[in-house]
Structures are given as C-alpha cells and as structure tokens.
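[1] Here's my sequence, what's the structure:
(2 chains)
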Protein chains: 2
Amino acid sequence: MYTVGIDIGGMSIKSGIVDDNGKIIVQSRIKTEGTPEQIISNMVKQIKDLLSEMKLKVKDIRGIGIGCPGAVSSEIGVVEFLPNLGWEGIPLADILKKDFDTDIKLSNDANVAALAEVIYGSAKNYDSCVMFTLGTGVGGGIVIDKKLYEGGHSRGAELGHMTLFLDGEACSCGRRGCIECYTSATALIKQTKEAMLQDKNSIMWDFVQGEISNVDGRTAFECAKKGDETAIKVKDNYIYYLGESILNMLNIFRPDAFVIGGGISAQGENLTKPLKEYCEKFNYGYRYAPKTDIIVATLGNDAGIIGAAALLRQ
Amino acid sequence: MYTVGIDIGGMSIKSGIVDDNGKIIVQSRIKTEGTPEQIISNMVKQIKDLLSEMKLKVKDIRGIGIGCPGAVSSEIGVVEFLPNLGWEGIPLADILKKDFDTDIKLSNDANVAALAEVIYGSAKNYDSCVMFTLGTGVGGGIVIDKKLYEGGHSRGAELGHMTLFLDGEACSCGRRGCIECYTSATALIKQTKEAMLQDKNSIMWDFVQGEISNVDGRTAFECAKKGDETAIKVKDNYIYYLGESILNMLNIFRPDAFVIGGGISAQGENLTKPLKEYCEKFNYGYRYAPKTDIIVATLGNDAGIIGAAALLRQ
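    Next up is the predicted model:
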C-alpha cells in the first residue's frame, strides 16, 4: 500500500508517495511562498498531482503524514508555531481533511526523522532509539517500541534544549549552555573557526583554501584524519560534548540504538567509534548498564518524506 | 483489596499491607543484616506475619510490590545490583514466588516514589509526572499515563545523572557535573557550608548554634526567610540549579506535574513558587509551551511501601 509523506521546510515543501518498504516512488517540491492559505492550497494541488501521476485515489492510500519544522500538537493535528514560516495555530489536519478523506498525521520534523530510521533506516532492526539531528540546531526524536514518544501534548522531545553547560553559551531558546550550543553543526563550525584563528599553521587553512568562511562540519574531522593537531583537538572536544549529551539520553531511555543524523553523520565510524568508546566508559551502572548501539542515520534528505509517511505505520 | 508493599533500604526493610486507597493498614520493619539468603528469608517471614496479622491468605491479596535502592530489571524480576547491600543478580521475584503464589513486581525506589505520588499522592489528579527525590543523591522517576516509564531493560530514568555543568564537580557515577552534584540535599548542605565559611556574620551560624556540622537542608531556606543575605544567595543559587534541571525534564517529557520529594520538599511553596516562576520564564516554546505544575511530594517516608504496592495498580 502507498502513503503520502510531506516534509515541510523553511524554503520548500517536499512531498512524495512512499511504498510499504519505505521507498519513495514519486516526489515533487514546491516553494513555501505566500500566506499559510496559499501555501496549503499549493500543497493540496501538489498531493493531488502526485496521486494522479500514480493513478491513485484517496481511498487507495494509507493516509497522509506531515513533518513540520516547529511545534506541532499532533494529537489534534494542529501546527502550533513554525517560526521560519510564521505559521501559528493552523489546524492543518482538519484543513486537509476537506480534500482528502483519509488518516492525516502530523509531527515535528526531528521526531519524524527518528521514526524513519527505526521503521525503515539504520535502526530498523531495533525497537527503540533516540536520535539527534545535528544541523543548524539540534533536533531530538524518541522512538519507544517502534512508536514515537513526543512527550505530553506531543510537545516534548526537545532534546537539543537540555543544559549541558550551566551558564554557558547563549542559546536561541532563551537559556544558556544548551546541548545545541555545543553539538550542532553550527557549533562545530564555530569551534573549528576559533581554533583556526589560534593556529595559523593548521592544515585546516589549506583545506578551506585560506578562506575561513569555507569552514564546514567536515573541516576538523577531515584534517584530524591527516594528523593536524589543532583539528584533532577540535574533533576530540566535539566528541566529548556529543558523548556527554548522548550519555544523558542513555541514562534516561536506555534505547536499543542512538542515531546521529544531519551532515556530520557522513563521518560514519570516524564519529561513532570514539562516541561508543566514550559512552561505554561512562555509562551509568558500569558493567551492569545495558548496551546501546551508536549509529549514523542512513536515510539522509529523504528521511523527511519517508518519516512523515511512517507516521501512518506506527 | 489489599496489596503487600516492601521498601528495601540500606539499613532496614519496611513492609506493609496497603489498601486500595493507598492507606497502610499494618506495617513492620526488619534490619538488613546477613547474606542475601538470610535477609530474604527474614523478609518472607515478615510478609507472612503481616498477612497473618490481617488474617489474609495469599489468594486474598493483589500481589507483592517491592522497591529497591539500586538497579533492577523489573521485566524479569531480578535485582541486578544494590550497592548498599552488596546484592548482585538476585532473582527476587522467582525466590518469593516459592512462598507466595501471586503477582510479584519490582522496581527502583525512586521510580516507586514517583508512582506513589501519581496513584495516591500529590499528583493523583494528574496522569503523568516526573519526580526528583532530593536526598543523599538525586533519584528520578517518570510516570506516563499513570504507568511507570523505566527506560529500556527497565534500567533508565537515572535523572540525577544528567550533566548540568560540563566538567563540573566529580560525581559518584564516574562523570562530572551531574544534576546530583548540584541539587541533592548533600549538595545543598555543601553549598550552605561553603557560603557560611565565607561569611562569619551570617545568621546561619546562630541557626546551627555555631556548629557547622549541624547544617542541614533547612539551614539556608530558613535563614533566607529571616532576610540573611548569604542564605538568600545560597537559596537562589540552589533554585537556579534545580530550575535548570527541572526545565531539562520539562523539555523532554512535558509532564502534567513535576514532583519534588526528599527532605527539602518540606519547604513547600517556599521551594515551588520560585521554581514555577523560573520554569515559566524559560520553558522551551515561550507562550506556546504547555504548562507543568510544580509540586512537592506528600507521602513522605510512606512513599516506599505505598509506591511498591502501587506497582500492582498500574
């Protein structure tokens, strides 16, 4: 059977039709321009076009799943607040119901990414996982017994906004020292730049062709592989921040797997091996502690559409 | 109907027969002396004596619930590790089954305290709560939809062992800067003593009759009420530590209630009012954030027996 998966982003809406193996059969992208009404109207047309391309009627699909970049009350299908789009209090499920008489499920984009990995991706052999999506910020997702756990009013799982360093760096959430301030891609880039400015001889300067604005999440990791001491320090420190953040999650959830998503996950074992060593050493309960596998996400940019569709498979 | 509740502590085992309103009808206490076999044998006698005192047969009770101070695999009824008693890998449910043909459920003592508050105590009008028990350490308990959430292998919910201050004070768990190091009663006492040693004119010295070893969890709170500036600083700082720790939990769980247990909870509104103000101000999601009530536990020392019995009422 097929499911419609919709990935609402700040710049565009990606929609697709996903089969029961988590494969996207067709997909399209529209821009998020205009009022919420205009955007939703374009989205309705986008879905109808995809269904018609596949010669599917609404009764032929399992339902429509939607991932949103912000606060969603999934129980009642309402988008509470999408800061990048300026949406507030939009009863999206009810609006879409008028055109599509089928199950419609919403969740936050980081939740949906975690569900995608457990149902179809790198954690599919596991029942539970906690996931960090390391990007501009840090998104969190929690899956328990193959079902999303979103917290009360489906508004929890904001794992990026846990204090890691009391009175530390200022966070966009209004507090200081959140996990996000130390482990996001943005944070790693900042840490890399700061280290480079302290060491003009680091080969990281060659890697970015002398232009510090070229620094990205790969810079420190790639130059550490080449033995650059400053890059190794940046990388080791980042592993420490991330390891401590992950341990906090393990001590609460003891998931089967901890999944790392976002661009940095391309580092693969380069990232997971030192994290596993760190977490094994400091896991609460010493040798009595249950083990958690630490892995990288595999669905990449498709996780949004696939995970949204997976909302209908929980 | 009646349930047997057992609260295993480092020094003694308190057992009681609890009615369906959470009232302890009879109870007794035995010392935890000897090998695990001897202690369990004494516990069996203790249970039999209580049942016989109430003229109850095993078939008349709902079951036996047990709270343990350490790591418990509740799914399989095994006590994995009780550091204070030196117990390791004891299949307690199976052992007790030989004498009592009834449901036998185990959990960690901090979990059991949280369940007690939701089923019978201060949070009984709520479905979900997260609880900190602030004592020598910090115990954590999570209740979702009136059921304990213990994490994978029932070994999570170790909320005291989340980093609050990266590279901060050394914690007994092997890491540094855990919530426990800043918010336990032990930590508050340490913070109070340090502040007193810096200010010989503080009225806290009068409060403890000039003897610093008399400092306890009440000292700073009581002297802050009297306007002592050093005591106010200690109290405000403690509220900050605790407020940050609670916010971390709210951002994950969005529980209906956050419950504070342990001796410090005797401060009541003196404690919850500033915490509510702090958490309301910094709750993730600003005005869109769901509200959580912050309350103190009301079952006190009975929570162990009552909560153990409540394991049969989930």
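
[2] Count the neighbours of the closest residue to chain B within the stretch 201-314 of chain A for me.
    Here the stretch 201-314 of chain A gets closest to chain B at one residue, residue A:254, 3.5 Å apart by CB to the nearest CB. Any C-beta I mention is one placed from the backbone N, CA and C, and that applies to glycine too. As a burial measure, residue A:254 scores 25 neighbours (other CB atoms under 10 Å in any protein chain shown).

[3] Could you tell me which residues make contact with the spatially closest residue to it that is not a sequence neighbour?
    Closest residue to residue A:254 apart from its sequence neighbours, by CB to CB, 6 or more residues apart in numbering or on different chains: residue B:152 at 3.5 Å. Listed by CB atoms under 8 Å, 6 or more residues apart in numbering or on different chains, the contact partners of residue B:152 are A:128, A:253-256, A:290, A:292.

[4] Serialize these to CSV and add fields for distance to residue B:302.
    Listed next are the contacts of residue B:152 as CSV, based on distance: CB to CB, whole Å:
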residue, distance to residue B:302
A:128, 34
A:253, 30
A:254, 29
A:255, 34
A:256, 37
A:290, 31
A:292, 36
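
[5] now chain A, which segments are flagged as low pLDDT?
    Chain A contains residues with pLDDT under 70 at A:286.

[6] so where do the helices sit in it?
    A:36-53, A:92-97, A:109-119, A:180-183, A:185-198, A:204-207, A:219-225, A:229-253, A:269-282, A:303-310 (DSSP state H).

[7] mind listing what residue A:39 touches?
    Neighbouring residues of residue A:39 by CB under 8 Å, 6+ apart: A:13, A:32-33, A:85.

[8] scratch that, residue A:9 is what I was asking about
    Counted by CB under 8 Å, 6+ apart, residue A:9 has contacts A:32, A:69, A:84, A:109, A:304.

[9] Was I right to think the first one contacts residue A:13?
    So the one you mean is residue A:32. Yes: assessed by CB atoms under 8 Å, residue A:32 is found in contact with residue A:13 at 5.9 Å.

[10] quick one, which of these two is more surrounded?
    residue A:13 (22 against 19).

[11] Count the residues that sit near the closest residue in space to the more buried one that isn't next to it in sequence.
    Once flanking residues are discounted, residue A:13 sits nearest to residue A:30: 5.2 Å by CB to CB, 6+ apart. Neighbourhood size, residue A:30 [other CB under 10 Å]: 15.

[12] can you check the one 5 residues further on too?
    Applying other CB under 10 Å, we find 10 residues neighbouring residue A:35.

[13] same thing with residue A:268?
    If we define neighbours as other CB under 10 Å, then residue A:268 has 11 of them.

[14] List the beta-bridge partners for the closest residue to it other than its chain neighbours.
    The spatially closest residue to residue A:268, leaving aside those adjacent along the chain, is residue A:296, at 5.7 Å (CB to CB, 6+ apart). The partner list for residue A:296 in beta bridges (DSSP bridges) reads residue A:260.

[15] any idea how far residue A:296 is from residue A:224?
    With distances taken as CB to CB, to the nearest Å, residue A:296 is found 17 Å from residue A:224.

[16] Ok, residue A:248 next?
    Residue A:248 sits 25 Å away from residue A:224, going by CB to CB.

[17] In terms of packing, which of those two has more residues around it?
    Set side by side, residue A:248 and residue A:224 show more neighbours around residue A:248, with 28 against 21, by other CB under 10 Å.

[18] What's the separation between the nearest residue to that one once chain neighbours are set aside and residue B:254?
    Nearest residue to residue A:248 in three dimensions, chain neighbours excluded: residue B:162, at 4.4 Å (CB to CB, 6+ apart). According to CB to CB, residue B:162 stands 17 Å off from residue B:254.

[19] And residue A:258, by the same measure?
    Using CB to CB, residue A:258 is found at 22 Å from residue B:254.

[20] Chain B contacts on the stretch 51-200 of chain A?
    Taking CB under 8 Å from any CB of the partner chain as the contact definition, the stretch 51-200 of chain A meets chain B at A:71, A:80-81, A:128, A:140, A:142, A:151-153, A:155-159, A:161-166, A:168, A:173-175, A:177, A:182.

[21] Sitting in strands, which of those do you find?
    By the criterion of DSSP state E, membership of these in strands covers A:71, A:80-81, A:140, A:142.

[22] To residue B:191, which of the helices of chain A lies closest?
    Nearest to residue B:191 among those is helix A:229-253 (22.6 Å), distances taken as CB to CB.

[23] Name the residues that touch stretch A:52-63?
    Contact with stretch A:52-63 is made by A:1-4, A:17, A:25-26, A:51, A:100-105, A:312-313, as judged by CB under 8 Å, 6+ apart.

[24] Now distance to residue B:232 too, for the helices of chain A, in JSON lines please.
    Listed next are those as JSON lines, based on distance: least, CB to CB, whole Å:
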{"stretch": "helix A:36-53", "distance to residue B:232": "48"}
{"stretch": "helix A:92-97", "distance to residue B:232": "48"}
{"stretch": "helix A:109-119", "distance to residue B:232": "40"}
{"stretch": "helix A:180-183", "distance to residue B:232": "30"}
{"stretch": "helix A:185-198", "distance to residue B:232": "35"}
{"stretch": "helix A:204-207", "distance to residue B:232": "48"}
{"stretch": "helix A:219-225", "distance to residue B:232": "45"}
{"stretch": "helix A:229-253", "distance to residue B:232": "31"}
{"stretch": "helix A:269-282", "distance to residue B:232": "36"}
{"stretch": "helix A:303-310", "distance to residue B:232": "49"}
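
[25] Out of these, which gets nearest to residue B:186?
    Of all the helices of chain A, helix A:229-253 sits nearest to residue B:186, with 19.1 Å by CB to CB.

[26] and that closest one, which residues are buried?
    Buried residues in helix A:229-253, defined by neighbour count with 16 or more other CB atoms under 10 Å in any protein chain shown: A:230-235, A:238-253.

[27] Check stretch A:267-283 too.
    Applying 16+ other CB under 10 Å to stretch A:267-283 flags A:267, A:270-272, A:274-276, A:278-279, A:282-283 as buried.

[28] hmm, back to that, from the contacts of residue B:152, pick the one nearest residue A:122.
    residue A:256 (11.6 Å).

[29] looking at it, that closest one is touching residue A:127, isn't it?
    Yes: taking CB under 8 Å as the definition, residue A:256 is a contact partner of residue A:127 at 5.9 Å.

[30] So for stretch A:73-93, what gets flagged as buried?
    For stretch A:73-93, using 16+ other CB under 10 Å, the buried residues are A:73-74, A:77-82, A:85, A:87, A:90, A:92-93.

[31] now do the same end-to-end measure for it.
    Stretch A:73-93 has its terminal residues 11 Å apart, counting by CA to CA, to the nearest Å.

[32] one step back: now the buried residues of stretch A:267-283 in a markdown table, with distance to chain B?
    Converted to a markdown table, the buried residues of stretch A:267-283 look like this (distance: CB to the nearest CB, whole Å):
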| residue | distance to chain B |
| --- | --- |
| A:267 | 22 |
| A:270 | 23 |
| A:271 | 19 |
| A:272 | 19 |
| A:274 | 16 |
| A:275 | 15 |
| A:276 | 16 |
| A:278 | 10 |
| A:279 | 11 |
| A:282 | 5 |
| A:283 | 9 |
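
[33] List the contacts of the closest residue to residue A:126 other than its chain neighbours.
    Residue nearest to residue A:126 in three dimensions, not counting chain neighbours: residue A:256, with 3.6 Å by CB to CB, 6+ apart. The neighbourhood of residue A:256, defined by CB under 8 Å, 6+ apart, consists of A:123, A:126-129, A:292-293, B:152.

[34] hmm, 10 Å instead?
    Residues in contact with residue A:256 (CB atoms under 10 Å, 6 or more residues apart in numbering or on different chains) are A:118, A:123, A:125-130, A:143-144, A:290-293, B:152-153.
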